[in-house]
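Chemist: This is a predicted model, with the sequence first.
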Protein chains: 2
Amino acid sequence: MRNAEFDREKVLRSAMIAFMDKGYAKTSMQDLKAATGLHPGSIYCAFENKRGLLLAALGQYREDRAQEFQHFFSDERPKLVQLKNYLEHVVQECISCQAAQACLLIKALNELAEQDDEVQAILIENIANWQTSIEDVFSQAIANKELTGERSAAKLSRFFVMGIYGLRTYAQTHPQADVMHELAEQLFSGLCQE
Amino acid sequence: MRNAEFDREKVLRSAMIAFMDKGYAKTSMQDLKAATGLHPGSIYCAFENKRGLLLAALGQYREDRAQEFQHFFSDERPKLVQLKNYLEHVVQECISCQAAQACLLIKALNELAEQDDEVQAILIENIANWQTSIEDVFSQAIANKELTGERSAAKLSRFFVMGIYGLRTYAQTHPQADVMHELAEQLFSGLCQE
DNA sequence: CTCTATCTTGAATGTTTATTCAAGATACTC
DNA sequence: GAGTATCTTGAATAAACATTCAAGATAGAG
């Protein structure tokens, strides 16, 4: 006979940012209260506990990223152009926001890998789905004759994904715009030529 | 009138492994006691506090890695062969040990970047030194005409380092030997050709 | 307008944690 | 071999933390 007052998506996005900033362990309930505006009791009522909030935030992250992916790959331009724009977007993300705000999936995997099997499994599945989506794009690029197909879509996508991991980590050490663009350039040209 | 009983290097290596396994925040003093064999009081006496132990462990890590680097690049073989062996060594490390035992520098940077400026500065400096060492090797390769020099040593080393970051992260998601070798192969051939 | 089911609040709880310190142990000096 | 400076020990301490819960607030039903 009364609805919850908070906006679930907003709360989850705030929690996402908090977890990305400080990591899961170092983000206290006080931090989460400050970030989300929800009092401890409400968080426990809505998400069971801190870990439940992380899981919910990961779900929101997955959805947000899926939508972003759609945005980059749903038009009619050549697949290679889309991929290049996507890569450029990653670089922008690395440069603009504080370096610490890396990909939540990778950040959480780094922190929780050997500590929480269930979370690890969820993270790895999400990452695998993302990689499969990238592979589909490469498959289409090959089907469109934008690439020769000499290197399989699977192989190309693995290299592309590895490159994004590398870019993200590199940005944490030297977040210089020109260097980042140069690296992305090198990475992309390695995919098309040869 | 009495010397410390513990072996400093052994203690620091144990602490390194503990920090790599669970991360800095989640490694409790109890964990550190179990890992190093030192009681809390001794740790505080020798390293001031938990953070001091991390700093000391980072120092040891730097030294160990420097020695390892020497081992790979001090013989008379072509620089490109040395680099390939070095890359292969990184891949082996990714495959063999539990995925979580990534590079301590990167792992710590991921966790502590925006939380401890002093540690962050130390980490970034260590990483920069490593990258400079790699750049020197590429410079020698160019001087030896193993590479054309069309792409500068700086540019090549940045790409190489980014590739290692990518490999390490990739291994955390799919630590399959054949895939890892394939990725390293692709990475290396991208440096030599074109 | 009243009632009640549901949500919100934040102080209290019990656990875990880093850190301290005084007592005990031990190796070196003279 | 006695004396002492130093190291080791682990229980005590105090702070920080996730979690609980009972009291208070509020929206919708009747």
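Modeler: Perfect, thanks for sending it.
Chemist: got the buried residues for stretch A:134-142?
Modeler: Neighbour-count burial for stretch A:134-142 flags A:Ile134, A:Glu135, A:Val137, A:Phe138, A:Ser139, A:Gln140, A:Ala141, A:Ile142 (criterion: 16 or more other Cβ atoms under 10 Å in any protein chain shown). C-beta: built from backbone N, CA, C; applies to glycine.
Chemist: What residue in chain A comes nearest to DNA strand C?
Modeler: Relative to DNA strand C, the nearest point of chain A is A:Gly41 (2.2 Å; Cβ to the nearest atom of the strand).
Chemist: Quickly name whichever of the buried residues of stretch A:134-142 is closest to DNA strand D.
Modeler: A:Ile134 (34.6 Å).
Chemist: thinking again about what came up before, how much space between the residue of chain A closest to DNA strand C and chain B?
Modeler: Relative to chain B, A:Gly41 is positioned 25 Å away (Cβ to the nearest Cβ, to the nearest Å).
Chemist: where's that residue, which helix or strand?
Modeler: helix A:40-47 (DSSP states H and E).
Chemist: what's that helix in contact with?
Modeler: Contacts of helix A:40-47 with the rest of the structure, by Cβ atoms under 8 Å, 6 or more residues apart in numbering or on different chains, involve A:4, A:6, A:8, A:11, A:29, A:32-33, A:36, A:38, A:50, A:53, A:55-56.
Chemist: give me that answer again for 7 Å
Modeler: The contact list for helix A:40-47, computed with Cβ atoms under 7 Å, 6 or more residues apart in numbering or on different chains, reads A:Met29, A:Leu32, A:Lys33, A:Leu53, A:Ala56.
Chemist: quick one on the thing from earlier: give me the subset of the buried residues of stretch A:134-142 that lies in helices.
Modeler: In helices, defined here by DSSP state H, the members of these are A:Ile134, A:Glu135, A:Val137, A:Phe138, A:Ser139, A:Gln140, A:Ala141, A:Ile142.
Chemist: Just put the buried residues of stretch A:134-142 in a markdown table and tack on pLDDT and distance to DNA strand D.
Modeler: Listed next are the buried residues of stretch A:134-142 as a markdown table, based on pLDDT from 0 to 100; distance: Cβ to the nearest atom of the strand, whole Å:
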| residue | pLDDT | distance to DNA strand D |
| --- | --- | --- |
| A:Ile134 | 98 | 35 |
| A:Glu135 | 98 | 37 |
| A:Val137 | 98 | 39 |
| A:Phe138 | 98 | 41 |
| A:Ser139 | 98 | 43 |
| A:Gln140 | 97 | 44 |
| A:Ala141 | 97 | 45 |
| A:Ile142 | 97 | 48 |
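Chemist: With distance to B:Ile164 added, can I get those in CSV?
Modeler: Output for the buried residues of stretch A:134-142, formatted as CSV (distance: Cβ to Cβ, whole Å):
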residue, distance to B:Ile164
A:Ile134, 21
A:Glu135, 23
A:Val137, 26
A:Phe138, 23
A:Ser139, 28
A:Gln140, 30
A:Ala141, 27
A:Ile142, 28
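Chemist: what packs against the helix or strand hosting A:Leu55?
Modeler: Applying DSSP H and E as the criterion places A:Leu55 in helix A:50-73. When contacts are defined as 3 or more Cβ pairs under 7 Å, 6 or more residues apart in numbering or on different chains; DSSP states H and E, helix A:50-73 packs onto helix A:8-22, helix A:40-47, helix A:79-96, helix A:117-143.
Chemist: cutoff 10 Å now
Modeler: helix A:8-22, helix A:29-36, helix A:40-47, helix A:79-96, helix A:104-112, helix A:117-143 (3 or more Cβ pairs under 10 Å, 6 or more residues apart in numbering or on different chains; DSSP states H and E).
Chemist: Stretch A:106-120 and chain B, are they touching?
Modeler: Yes - shown here: stretch A:106-120 in contact with chain B (Cβ under 10 Å from any Cβ of the partner chain) through A:Ile106, A:Lys107, A:Leu109, A:Asn110, A:Glu111, A:Leu112, A:Ala113, A:Glu114, A:Gln115, A:Gln120.
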